[in-house]
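J.: Take a look and give me a structure for this.
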Amino acid sequence: MSTTQGALERLLNNIWYGNSFLSLCLIPLTWPVRWVIHRRRQQASPKGSTPEGVTVIVVGGLTAGGTGKTPVLIGLGKWLAEQGYRVGVVSRGYGGTHGPEPHSVTEVDTAAVVGDEPLLIRRELGVPVVVCADRERALDVLVDQDVVDVVLSDDGLQHYPMPRDIELLVLDAERGLGNGRLLPAGPLREPASRLTNVDVVLERNSCDPDRGFSYQTSGALHLASGRQVRWSECVAEWRDQSIVAMTGLGQPRQFFEMLRGQGLAIEAESLGDHEAMTQAHLDRRGEQVLLMTAKDAVKLPECTDPRVWVVAIEVALPSSLLTKLTALLPSARFVEA
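T.: Okay, here's the model as predicted:
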């Protein structure tokens, strides 16, 4: 992470999650934000106005920064596929250069073109993914091109023109809503009252069994060779080695603490959220084991560096969520080809 970017992120964290006087100074700037939100909500598509035969689930957030939305979406997509639904995904494609037109993500795309999260979703789920800043257009293209029962929107809670049936809001229990103010005085994209009219609220690292979810490590992938190893074997091998954990997650501390909780003595290196990881980042290191997430690894196409391992992270979704979705979703119409 650049010095300037790191300083900016620390400043924003202090303003949004601390008791900084600067937050009070920024309150007047929240008034036009509130007006824009109000206008957008007036133009929202009515719930249930989705294409016939398709259920749209928005997996979104109320705060700026990482809360675990994409891992939740991937976990939800896997569960839906297991229930027999044909799943598709729409995403903004943040950070990509794909242009203004809807773009169907393929295996040969790169994170630089379509964004790191859409490419990760495509590889993890193996389902159709369409990226476009206008998610409504992305939805139309996805439904026209592919036979899908359920469409998951990666973020997009505030993209009101896109019709939806179910809204799933993801929070970080530790950080909560910060100072409770709208951007830029606080971290909120919308007023906190939005919590009361979504269908489901999930909280990362919450003790509430009905809302809480957490990350679980299942193994690691040696990026150069494609070899997969069980996590218990990795920990046993690396416990006494020099390890660097590097990531460009929105909340990297979660990743680092998870590894330390497994008994690994790591040196942590944070990149900016969505920052492109390159070979130059790796070359700064010596003969150390380099750990990263799958979201980081998609930015390293054709990496042959033998030091790099990708930690496989899965989300344990609460059973209450799956029970509620079972009640809300129509019966699966999946037919084997």
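
J.: Just the pLDDT for residue 165.
T.: Each residue has a pLDDT score; the one for residue 165 is 95.

J.: What are the boundaries of the strands in the protein?
T.: Remark: strands of the chain, listed N- to C-terminal, are 55-61, 87-91, 103-104, 129-131, 150-154, 166-172, 200-204, 212-222, 227-230, 243-247, 266-270, 289-293, 308-316; assignment by DSSP state E.

J.: Go through the ones you listed and pick out the most buried.
T.: Mean neighbour counts were taken over the strands of the chain using mean count of other Cβ atoms under 10 Å, and the top value, a mean of 29, falls to strand 129-131. In this view, the C-beta of every residue, glycine as well, is placed from N, C-alpha and C.

J.: Tell me the helices and strands packed up against it.
T.: If contacts are counted by 3 or more Cβ pairs under 8 Å, 6 or more residues apart in numbering; DSSP states H and E, strand 129-131 sits against strand 87-91, strand 103-104, helix 116-125, helix 135-145.

J.: Including mean pLDDT and distance to residue 16, could these go into a markdown table?
T.: Rendered in a markdown table, the data for the helices and strands packed on strand 129-131 read as follows (pLDDT from 0 to 100; distance: least, Cβ to Cβ, whole Å):
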| stretch | mean pLDDT | distance to residue 16 |
| --- | --- | --- |
| strand 87-91 | 98 | 25 |
| strand 103-104 | 96 | 33 |
| helix 116-125 | 96 | 22 |
| helix 135-145 | 95 | 26 |
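
J.: picking up where we left off before, between the strands of the chain, which gets nearest to residue 70?
T.: Relative to residue 70, the nearest member of the strands of the chain by Cβ to Cβ is strand 150-154, separated by 6.2 Å.

J.: Can I get that closest one in PDB, CA atoms only?
T.: As requested, C-alpha coordinates have been extracted for strand 150-154 and formatted as PDB (Å, rounded to 0.1, in the frame of the first residue of the first chain):
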ATOM      1  CA  VAL A 150     -31.600 -17.100  -9.200                       C
ATOM      2  CA  VAL A 151     -29.500 -14.000  -9.800                       C
ATOM      3  CA  LEU A 152     -27.200 -12.800  -7.100                       C
ATOM      4  CA  SER A 153     -26.100  -9.200  -7.200                       C
ATOM      5  CA  ASP A 154     -22.600  -8.600  -5.800                       C
END
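
J.: any idea of the mean pLDDT in it?
T.: The average of the pLDDT scores along strand 150-154 is 97.

J.: what's the domain layout of this structure?
T.: As recorded under automatic domain parsing, the domains making up the chain are 43-211+318-328, 215-314.

J.: tell me, which of the ones you listed is the model least confident about?
T.: When mean pLDDT is averaged over each of the domains of the chain, domain 215-314 scores lowest at a mean of 90.

J.: Could you tell me the end-to-end distance of that domain?
T.: 6 Å (Cα to Cα, to the nearest Å).

J.: sorry, back to before: reformat the strands of the chain as CSV; add distance to residue 47.
T.: Converted to CSV, these look like this (distance: least, Cβ to Cβ, whole Å):
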stretch, distance to residue 47
strand 55-61, 10
strand 87-91, 17
strand 103-104, 27
strand 129-131, 22
strand 150-154, 13
strand 166-172, 8
strand 200-204, 14
strand 212-222, 24
strand 227-230, 41
strand 243-247, 36
strand 266-270, 38
strand 289-293, 34
strand 308-316, 26
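
J.: Between these, which one is closest to residue 42.
T.: From these, taking Cβ to Cβ, the stretch that ends up closest is strand 166-172, at 17.3 Å.

J.: about what we covered before: quick one, which of the helices and strands packed on strand 129-131 is packed in tightest?
T.: For the helices and strands packed on strand 129-131, the largest average neighbour count (mean count of other Cβ under 10 Å) is found in strand 87-91, namely a mean of 28.

J.: Pull the residues that contact that strand.
T.: Counting contacts by Cβ atoms under 8 Å, 6 or more residues apart in numbering, the residues outside strand 87-91 that touch it are 73, 77, 80-81, 115, 117-118, 121-122, 125, 127-132, 135, 138-139, 142-143, 146, 148-156, 162.

J.: again with stretch 66-75
T.: The contact list for stretch 66-75, computed with Cβ under 8 Å, 6+ apart, reads 59-61, 89, 117, 120-121, 124-125, 152, 154-155, 168, 170-172, 202, 204, 213, 215, 249-251, 254, 273, 295, 313-317.

J.: before we move on, back to that, figure out which of the strands of the chain is closest to residue 179.
T.: With Cβ to Cβ as the yardstick, what comes closest out of the strands of the chain is strand 166-172 (14.5 Å).
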